[in-house]
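Enquirer: Attaching a predicted model along with its sequence, questions to come.
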Amino acid sequence: MKAGILLYVYPLFTFFALSNISSAQLANSYPNDIGIETDKDVLFVEKFTGDMTSILSRYSEKLNTEGMSLDTDVPAGSKGTHSLKITSKTGGVNTGGHLFKKFTPGFDSTVYVRYYVKYPASSNGYFHHEGVWFGGYNPATEYPSPKAGTCGLSDSRLSIAYENVWPHPNRPGMDTYIYWGDMRSFDGGNTCYGNTMINEGRTGYEKPATTTAPVDILDRWMCIEIMIKLNNPVSAHNGEMEIWQDGISVGHWGPGFPNGHWLKDKWYNNPSDPPFEGFRWRTDAGLNINWLWFEFYHDKPDAPSSSIKFSNLVMAKKYIGPISNPTGATKSEEKCILLYENKLQLQ
């Protein structure tokens with residue numbers, strides 16, 4: 001039965017998946033990401049060109065730079081020569097590293113962040129906070145100040161991330177991990193950790209909530225894109241967020257969509273529930289998108305030494321999409337098919 005479903009659905013999915021990836025996007029105008037940094041809608045690009053000294057000079061705060069190196073492993077379609085590799089060492093040596101960039105004066109309205117990341121299979125079961133975070137501090141700072149567990153953020157902080165949230169024996173589940181002034185608490189307002197929006201709670205913490213939940217295909221390049229639309233005016237609940245994994249939207253939230261409900265710090269998507277109220281990301285126009293953070297926090301005491309790789313990050317005012325590779329199928333196209341195959345095989 002599984003094989004029959006796979007044979008029937010796979011060609012159709014392949015067509016729609018590739019159509020989705022090939023739809024209008026900024027990356028299509030810059031094959032292989034060449035020259036994408038020159039586009040009028042692009043805010044920042046990091047291809048990890050140059051030596052480590054020049055790369056580090058682009059960031060206001062660095063951690064464990066001795067554990068960073070340039071790697072020749074890059075996503076398919078990229079004409080860049082290197083990705084950034086950040087390592088962790090066990091035995092109390094370090095818990096990974098990071099690069100943090102402050103933007104002055106910051107960006108308002110709508111911001112898209114697209115990046116490639118490769119998570120190692122050796123970290124499976126030990127993921128903590130590993131990926132690209134972005135958001136705003138009010139006032140802006142030169143360094144990250146996450147203050148995990150803090151409620152009552154008001155207009156002091158906004159942070160957006162999509163990372164390995166759900167433990168799973170084979171494929172970690174991906175989900176949001178977001179902080180903002182109106183975020184929910186799991187214990188009545190005493191403690192607040194990043195809210196999850198995509199699939200959590202449906203079948204428990206032990207695995208991704210459904211077989212169709214987005215998963216991390218380990219040891220492969222994965223293209224992540226996140227859009228945040230800040231609310232304007234600041235009194236309104238008209239903010240939005242959308243997330244794409246390998247060119248496929250895995251969730252879009254805004255005023256009046258989708259339907260669902262909050263249970264403590266988790267949003268449950270459910271078509272029979274009332275519509276989502278929309279995000280009131282801020283109540284002060286002084287809070288905007290003013291920082292970006294490459295993070296590798298691999299801190300569990302029994303975790304093996306590990307690493308993460310980042311490549312081809314672009315921030316822009318419009319949808320970017322996976323790297324365009326006119327000479328053949330991109331790695332993102334190949335992986336989105338593999339992602340769906342894995343979902344079907346789990347059913």
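Expert: In hand now; what should we look at?

Enquirer: What segments of this structure are helices?
Expert: With DSSP state H as the criterion, the chain has helices at 2-22, 52-56, 331-346.

Enquirer: hey, least reliable of those helices by pLDDT?
Expert: Sorting those by mean pLDDT places helix 2-22 lowest, at a mean of 36.

Enquirer: By mean pLDDT, point me to the weakest helix or strand of this structure.
Expert: Least confident helix or strand, the chain: helix 2-22 with a mean of 36, by mean pLDDT, DSSP states H and E.

Enquirer: ok, which stretches of the stretch 101-250 of the chain are strands?
Expert: Ranges of strands in the stretch 101-250 of the chain, per DSSP state E, counting those that start in this stretch, are 110-118, 129-137, 157-160, 162-166, 173-176, 222-229, 240-245, 248-253.

Enquirer: quick one: buried residues of stretch 259-272?
Expert: For stretch 259-272, a neighbour-count test (16 or more other C-beta atoms under 10 Å) marks 260, 265, 266, 267, 268, 269 as buried. Every residue, glycine included, has its C-beta placed from N, CA and C.

Enquirer: Tell me the predicted confidence for the closest residue to the first one other than its chain neighbours.
Expert: By the measure of C-beta to C-beta, 6 or more residues apart in numbering, the closest residue to residue 260 outside its immediate chain neighbours is residue 269, 4.5 Å from it. The per-residue pLDDT reported for residue 269 equals 87.

Enquirer: now do residue 57
Expert: 97.

Enquirer: neighbours around it, how many?
Expert: As a burial measure, residue 57 scores 9 neighbours (other C-beta atoms under 10 Å).

Enquirer: Next, work out how far apart it and residue 269 are.
Expert: As for residue 57, its distance to residue 269 is 43 Å (criterion: C-beta to C-beta, to the nearest Å).

Enquirer: could you list every residue that touches the spatially most central residue of the chain?
Expert: Most central in the chain under C-alpha atoms, centre = their mean is residue 162, positioned 3.4 Å from the mean C-alpha point. Contacts for residue 162 (C-beta atoms under 8 Å, 6 or more residues apart in numbering) come out as 131, 174, 175, 176, 177, 224, 226, 243, 245.

Enquirer: Adding pLDDT and distance to residue 253, write those residues out as a markdown table.
Expert: Putting the contacts of residue 162 into a markdown table (pLDDT from 0 to 100; distance: C-beta to C-beta, whole Å) gives the following:
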| residue | pLDDT | distance to residue 253 |
| --- | --- | --- |
| 131 | 95 | 19 |
| 174 | 92 | 16 |
| 175 | 94 | 13 |
| 176 | 96 | 9 |
| 177 | 96 | 14 |
| 224 | 98 | 17 |
| 226 | 98 | 12 |
| 243 | 97 | 9 |
| 245 | 96 | 15 |
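
Enquirer: one step back: so the residue nearest to residue 260 makes contact with residue 213?
Expert: No - using C-beta atoms under 8 Å, residue 269 makes no contact with residue 213, being 10.9 Å away.

Enquirer: Common neighbours of the two, please.
Expert: Common neighbours of residue 269 and residue 213 (C-beta under 8 Å, 6+ apart) are 198, 199.

Enquirer: For the spatially closest residue to residue 149 that is not a sequence neighbour, grab the count of nearby residues.
Expert: Residue nearest to residue 149 in three dimensions, not counting chain neighbours: residue 191, with 5.0 Å by C-beta to C-beta, 6+ apart. Number of residues near residue 191 (other C-beta under 10 Å) recorded here: 13.
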